[in-house]
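Asker: how would this look folded up:
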Amino acid sequence: MNKTPINPWPWSLKFGYNQAEILEKTNRQLICAGQTAVDAEGNPQHPKDMRQQISLALDNLEAILGAADMNLANITRVSIYTTDMDEAMKHFDVLGARFGPFEAMPPMTLLGVTRLALPELMFEIEVTAAD
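Answerer: Sure, this is the predicted structure:
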């Protein structure tokens, strides 16, 4: 797969994402459900700890990508939902630390919501990936 970043304005780059990407020569597409800070039985983990919730949600996302023989470099679109926008932004370095080694900057949307599926959850990440 070839990705060509589209950034008519460079401001999003400092936040770690491209405004758009042209995808060419793709084979498979993976549509991933939102991933949160739950254990293997679906039990919420790390109540009131945004940093740990982001980290576990990313662990769960990487497990799904790995099961599809993909990694964070394959992500083509990200949607993030959070119940506390300010707290989530404080810990966005966790995303940078994960995506950075792959030089991945997929287009991203960040939305503040009143609550997620389970009240203990504060962060959810939903992606599309391709190879």
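
Asker: in the helix ranked longest in the chain, what counts as buried?
Answerer: Secondary structure of the chain per DSSP state H: the longest helix is helix 50-67. Using 16 or more other CB atoms under 10 Å as the burial criterion, the residues of helix 50-67 that qualify are 50, 52-58, 60-61, 65. For glycine as for every other residue, the C-beta is placed from the backbone atoms N, C-alpha and C.

Asker: what's the end-to-end length of stretch 95-109?
Answerer: End-to-end distance for stretch 95-109, by CA to CA, to the nearest Å: 13 Å.

Asker: now do it: distance to the chain's middle.
Answerer: 8 Å (CA atoms, centre = their mean, to the nearest Å).

Asker: mind listing what's buried along it?
Answerer: Those would be 95, 98-99, 104-108, for stretch 95-109 by 16+ other CB under 10 Å.

Asker: what does it rub up against?
Answerer: Stretch 95-109 is contacted by residues 5, 13, 15-21, 54, 58, 62, 71-73, 75-80, 127 when judged by CB atoms under 8 Å, 6 or more residues apart in numbering.

Asker: of those, just the buried ones, PyMOL syntax please.
Answerer: To isolate the buried subset of the contacts of stretch 95-109 in PyMOL, counting by 16+ other CB under 10 Å, use the following:
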select buried, resi 16+17+18+19+21+54+58+72+73+75+76+77+78+80+127
